[in-house]
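**Q** Have a look at this prediction, sequence included:
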Amino acid sequence: MLKALSIAVACMMPALASATDYGIGHAIDRNAIASWDIDIDAAGHNLPAGSGDVAHGKQIFGAKCAMCHGANGEGGVGDPLVGGIGTLSSEKPKKTVGSYWPYATTLYDYIRRAMPYDAPQSLSADDVYAVSAYVLYLNKIVPEDTRLDAKSLPRVKMPNRDGFVSDPRPGKL
Ligand code: HEC
């Protein structure tokens, strides 16, 4: 029993000692990681304040997205963002934001994080809501008078919302 205890204590030692022994690293506070902590989950937790509508999104799309994704989101250098709804079970499935992505909140997370491709994280919160609304409108998922915010975006039901199945294997993430 005593032996087992001393082994247990010995195993803990490196973890306890490392912060001081090597003289490197320091505790980090939440402010320092805030600009990296921008994940938005399916339910929309962490969506920022602000809002944007389809009309404003159309302007942003024309100025900052169309050169790569096509004037109507049909694709170019960048992926097609529109179309393919209803094709997933066909012989030629067309996977786009509209046909494939199960959650509208992912659109906000992805555009804010990664687009425009040549200037990621340059759009304001309002602009990301607006351009998300426009991409959803192009896919006929929301009507033209739509304005999206942290409350309404998670409520948008994507056509492929129920098209995914859970992975039943043990040990999955
Ligand atoms: C310079 C070219 C370029 C510009 C400008 C650009 N994109 Fe993209 N976009 C890409 C490329 C390339 C990809 C694929 C990236 C990858 O797979 O890693 C992509 C991927 C995407 C995707 C994911 C598509 C999918 O089905 O996986 C979305 C959504 C998107 N872009 C939206 C936008 C929006 C909205 C804008 C404007 C605010 C924009 N993009 C501006 C090149 C661009």
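**A** Happy to help now that I have it. Numbers count the residues shown, from 1 in each chain.
**Q** Okay, Ser122 and the ligand: tell me how far apart.
**A** 9 Å (CB to the nearest ligand atom, to the nearest Å). To be clear about C-beta, it is placed using only N, CA and C from the backbone, and glycine gets the same treatment.
**Q** can you pull the contacts of the most centrally placed residue in the chain?
**A** Among the residues of the chain, the one closest to the centroid is Asp109, at 2.7 Å (CA atoms, centre = their mean). Residues in contact with Asp109 (CB atoms under 8 Å, 6 or more residues apart in numbering) are Ile38, Asp39, Ile40.
**Q** quick one: what helix or strand has it in it?
**A** Using DSSP states H and E, Asp109 falls within helix 104-114.
**Q** Leu88 touches Tyr100, doesn't it?
**A** Yes: contact status for Leu88 versus Tyr100: in contact at 6.8 Å, counting by CB atoms under 8 Å.
**Q** residues shared between the contacts of the two?
**A** Applying CB under 8 Å, 6+ apart, one finds that Leu88 and Tyr100 are jointly contacted by Asn160, Gly163.
**Q** Please compare those two by neighbour count and tell me which comes out ahead.
**A** Neighbours per residue (other CB atoms under 10 Å) separate Leu88 from Tyr100, with Tyr100 holding more: 18 against 14.
**Q** ok, the residue nearest to the more buried one when sequence neighbours are not counted - how many residues close by?
**A** Nearest non-adjacent residue to Tyr100, counting by CB to CB, 6 or more residues apart in numbering: Asn160, 5.5 Å away. Using other CB under 10 Å, Asn160 has 20 other residues around it.
**Q** Great, nothing more from me.
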